[in-house]
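Trainee: Any chance you could fold what I've pasted below:
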Amino acid sequence: MLSRTADNLYWLARYMERADFLARILQATRRLATLPKAYGGAETEWESALLSSGAAPAFHAAGLPVDEAHVTDFLAFSAENSSSIRNCIETARANARAVRTALTVEMWEAINGAYLELKAFGQRGGRSSEDLTRFLDAVKQVSAAYDGGAHRTMLRNDAYWFSRVGLYIERADNTARLLDVKYHVLLPDSEAVGGSLDYFQWNAILRAVSAHTAYHWVYRDSLKPWLVADLLILRPEMPRSLLACYESVVQNLDRLGKSHGRHGPAQRHGRAVLGQLENATIESVFHTGLHEFIQTFIADNHRLGALVSEQYLF
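Mentor: Here you go, the predicted structure:
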């Protein structure tokens, strides 16, 4: 496979996953912002949305006020934000067109459907709350359709493996950032962990990653911060957990290594990160510090993305 084709497939998957994550972040933030001020209100949630998405520096550089209208527009529709939902979908479609013959009909229709929905939303003019809700739901649906199309219809070859590696590296990064922001932005200094504000915020975050029902199936307990962190970091049965993502990353990198006849720095680094997650406990994570643990993971995940690029995509 040409490195250019592998690069298109890898980034196509990452951009589709990123668009889905942004839609989920906006939905969770809108839900939190409707809470009464006694439970946090909208004072920090929109800043947290910017930080979770990694768009805070660009947003503040533009000098925009941190409120629902400006943050929503910046994360969903801004042409100036390279990681907005609009740019993610447009870039994903451009990558898909470049490798159209490597995609199945189902995958192309999902990507093209997202692009057409974006255009239709822009042509409707006004952006009411109901329209925005429908648009964010549509983004999640087309991302699920793309992911399902890849899983159900692609040959298990280089194209599929590069696509999966990109998806799971992106998903791991998103989950890690969401967890980190919860502890350092959403929870005010005056609010005790486990308090009423803490409960509503963790509840919204679990719903953002479709893990609310899974939490109660696994733990059969009320929401507790350390159990939520355990679910999203160390539980292999949770599809968006860091451990589950890295099991899939390593599995697909190993298949690429076997196909290409050698294992390189990307495989070794991926296995090292997976080993650290497998050997961790939630007690050791909190003893080290959740923020420190997550920041180390994000750096390691970013390093893996760079190694994959150096080894295969240039």
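
Trainee: Give the closest residue to residue 310 in space, chain neighbours not counted.
Mentor: Residue nearest to residue 310 in three dimensions, not counting chain neighbours: residue 265, with 7.4 Å by C-beta to C-beta, 6 or more residues apart in numbering. From N, CA and C alone the C-beta is placed, and that goes for glycine too.

Trainee: for residue 313, same thing?
Mentor: residue 7 (4.2 Å).

Trainee: Can you give the distance of the strand or helix carrying the one you found from its chain's centre?
Mentor: Residue 7 is part of helix 3-33 when elements are defined by DSSP states H and E. Remark: helix 3-33 is offset 6 Å from the chain centroid, using C-alpha atoms, centre = their mean, to the nearest Å.

Trainee: all helices for the stretch 1-150 of the chain, in order.
Mentor: Using DSSP state H, counting those that start in this stretch, the helices of the stretch 1-150 of the chain run over residues 3-33, 45-53, 56-61, 68-76, 85-98, 105-123, 129-153.

Trainee: buried sites along the fifth one?
Mentor: In other words, helix 85-98. Using 16 or more other C-beta atoms under 10 Å as the burial criterion, the residues of helix 85-98 that qualify are 85-93, 95-96.

Trainee: Go ahead and confirm residue 95 touches residue 11.
Mentor: Yes: taking contact to mean C-beta atoms under 8 Å, the distance of 5.5 Å between residue 95 and residue 11 places them in contact.

Trainee: how far away is residue 285 from residue 228?
Mentor: Shown here: residue 285 relative to residue 228, a distance of 12 Å by C-beta to C-beta, to the nearest Å.

Trainee: ok, how many other residues are close to the closest residue to residue 100 other than its chain neighbours?
Mentor: Closest residue to residue 100 apart from its sequence neighbours, by C-beta to C-beta, 6+ apart: residue 108 at 6.5 Å. For residue 108, the number of neighbouring residues by other C-beta atoms under 10 Å comes to 17.

Trainee: How much space separates residue 108 from residue 57?
Mentor: From residue 108 across to residue 57, the span is 34 Å (C-beta to C-beta).

Trainee: where does the stretch 1-150 of the chain dip in pLDDT?
Mentor: Scanning the stretch 1-150 of the chain for pLDDT under 70 picks out 35-43, 123-126.

Trainee: where exactly do the strands run in the stretch 101-250 of the chain?
Mentor: For the stretch 101-250 of the chain, none of the segments meets the definition of strands by DSSP state E, counting those that start in this stretch.

Trainee: Tell me how many other residues crowd residue 155.
Mentor: Residues contacting residue 155 under the criterion other C-beta under 10 Å number 9.

Trainee: For it, give me its contacts.
Mentor: For residue 155, no residue meets the contact criterion (C-beta atoms under 8 Å, 6 or more residues apart in numbering).

Trainee: wait, doesn't residue 15 sit right on residue 88?
Mentor: Yes: with contact defined as C-beta under 8 Å, residue 15 counts as touching residue 88 (4.5 Å).

Trainee: What are the phi and psi values at residue 99?
Mentor: The phi and psi torsions at residue 99 (degrees, to the nearest 10) take the values phi -130, psi 40.

Trainee: Kindly apply the preceding question to residue 264 instead.
Mentor: The main-chain torsion angles of residue 264 are listed as degrees, to the nearest 10 and equal phi -120, psi -160.

Trainee: Could you measure from it over to residue 310?
Mentor: With distances defined as C-beta to C-beta, the gap from residue 264 to residue 310 amounts to 9 Å.

Trainee: Those two: which is more packed in?
Mentor: The residue with more neighbours, out of residue 264 and residue 310, is residue 264; 16 against 12, by other C-beta under 10 Å.

Trainee: residues in contact with that one?
Mentor: By C-beta under 8 Å, 6+ apart, the residues touching residue 264 are 257, 307, 311.

Trainee: Closest one of those residues to residue 249?
Mentor: Minimum distance to residue 249 across the contacts of residue 264 is 11.4 Å, recorded for residue 307 (C-beta to C-beta).

Trainee: Can you get me the centre-to-centre distance for the strand or helix carrying that closest one and its chain?
Mentor: With the criterion set as DSSP H and E, the secondary-structure element containing residue 307 is helix 290-308. For helix 290-308, the distance from its own C-alpha centre to the chain's C-alpha centre is 14 Å (C-alpha atoms, centre = their mean).

Trainee: cool, stretch 71-82 as well?
Mentor: Averaged C-alpha coordinates place stretch 71-82 at 16 Å from its chain's average position (C-alpha atoms, centre = their mean).

Trainee: And for stretch 122-140?
Mentor: On the basis of C-alpha atoms, centre = their mean, stretch 122-140 is displaced by 20 Å from the centre of the chain it belongs to.

Trainee: distance of residue 87 from residue 113?
Mentor: Between residue 87 and residue 113 the distance, using C-beta to C-beta, works out to 17 Å.

Trainee: now do residue 104
Mentor: Residue 104 sits 14 Å away from residue 113, going by C-beta to C-beta.
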